[in-house]
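[1] structure of the sequence below:
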Amino acid sequence: MTALYVKQPHLSVAEYLADLAVDVLIDEADLSPKPGLVDRRGNGAHDDLHLGLMHSSALSLWPTFKQMAEAASQHNEINQSLREALGRIGREGEIEMLRVTGGVNTHRGAIWALGLLCAAAALDDQALSAAEVTLRAARIAKLHDRAMPVTAESHGAQVGRTYGLPGAREQAQLGFPAIIHNGLPQLQRSRSAQVGEQNARLDALLAIMSQLTDTCVLYRAGLTGLDCMQNGALAVLEAGGCASLDGRRLLRNLDNDMLRLRASPGGAADLLAATLFLDRLAPALHAPIGSV
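    Numbering: from 1, shown residues only. A predicted model of the protein is given here:
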């Protein structure tokens, strides 16, 4: 039995959701071998990140996720006031994350994705299927945060404008299609094939990478990098996935390509963490204590 899958009797729903959000961020960071990303082997395509920093960053975000879930419970409906409360909490959480990491952006995208999902889950903890939660998250994401400060564009916004391609904001507003149509189905298919949990998670990451217009990759390596990521990930899956010999060889090739291009699919990594969040959400929150 693992504590990650048991809702402790002394925890509120908001505390449980924050625990789960931190758990999946750590699980995503630890998953290896991920192409171009920080994992147990090393820093991937990054000069300023390492695994310990990813863990510290994830743990620092627990209060942020808890407060987002509490705000949703208190508002008890999707409206402008909730959207702006979540935006304020997210910005405060980002400041704390940057303080902990010495100014390095480790989880800005994860604050957005997992924060929305925590809030969406807290709005109705009896309707926790992936489809139900992502629909509520999309409704929140479509509201404009009028309190958002006018600052320099994020990297994602810059490349989205340059290439005319959707990014993290649009992914949320559409109900996280990369998770619903790619990540979760592949995770379930790979588990059904009994390839082992780590390979199933890697396959889910690759399924997301094969379709996502990852603005982290676009910013670092342009359309060449994006094509390399998408085609390389698809090739691994078509070869049998990460549990097959051919798939493993192609995964190594993709990793080498991402390192050569200095391209790290951080957007896909955030969505893998969100995939794991949704995968565990309903069974864990509704499980009788000690039953899992």
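[2] ok, residue 140 - contacts?
    By CB atoms under 8 Å, 6 or more residues apart in numbering, residue 140 lies in contact with 78, 82, 83, 86, 116, 119, 120. No exception for glycine: its C-beta is placed from N, CA and C like everyone else's.
[3] from these, which ones fall inside strands?
    Among the contacts of residue 140, no member falls in strands (DSSP state E).
[4] closest to residue 54 out of those residues?
    Checking these against residue 54 by CB to CB gives residue 116 as the nearest, at 20.6 Å.
[5] how many residues are close by that closest one?
    27 (other CB atoms under 10 Å).
[6] now swap in residue 193 and tell me
    14.
[7] phi and psi next, for it.
    Main-chain torsions, residue 193, degrees, to the nearest 10: phi -80, psi 0.
[8] then residue 39?
    Main-chain dihedrals, residue 39, degrees, to the nearest 10: phi -150, psi -160.
[9] residues in contact with it?
    For residue 39, the contacting residues are 29, 30, 31, 32, 33, 51, by CB under 8 Å, 6+ apart.
[10] what does residue 195 give?
    By CB under 8 Å, 6+ apart, the neighbours of residue 195 are 203, 241, 242, 243.
[11] among the contacts of residue 140, who's most crowded?
    Among the contacts of residue 140, the one with the most neighbours (other CB under 10 Å) is residue 119, at 31 neighbours.
[12] and residue 28, how far from residue 40?
    Distance, residue 28 to residue 40, by CB to CB, to the nearest Å: 12 Å.
[13] for these two, indicate the residue with more neighbours.
    More crowded of residue 28 and residue 40, by other CB under 10 Å: residue 28, with 28 against 11.
[14] was I right about the more buried one contacting residue 269?
    Yes. Counting by CB atoms under 8 Å, residue 28 touches residue 269, with 5.7 Å between them.
[15] what do those two both touch?
    Listed contacts common to residue 28 and residue 269 are nil; contacts here mean CB under 8 Å, 6+ apart.
[16] distance to residue 220 and neighbour count added to the contacts of residue 39, as a markdown table?
    Formatted as a markdown table, the contacts of residue 39 follow (distance: CB to CB, whole Å; neighbours: other CB atoms under 10 Å):
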| residue | distance to residue 220 | neighbour count |
| --- | --- | --- |
| 29 | 19 | 26 |
| 30 | 23 | 16 |
| 31 | 21 | 21 |
| 32 | 21 | 14 |
| 33 | 19 | 18 |
| 51 | 20 | 18 |
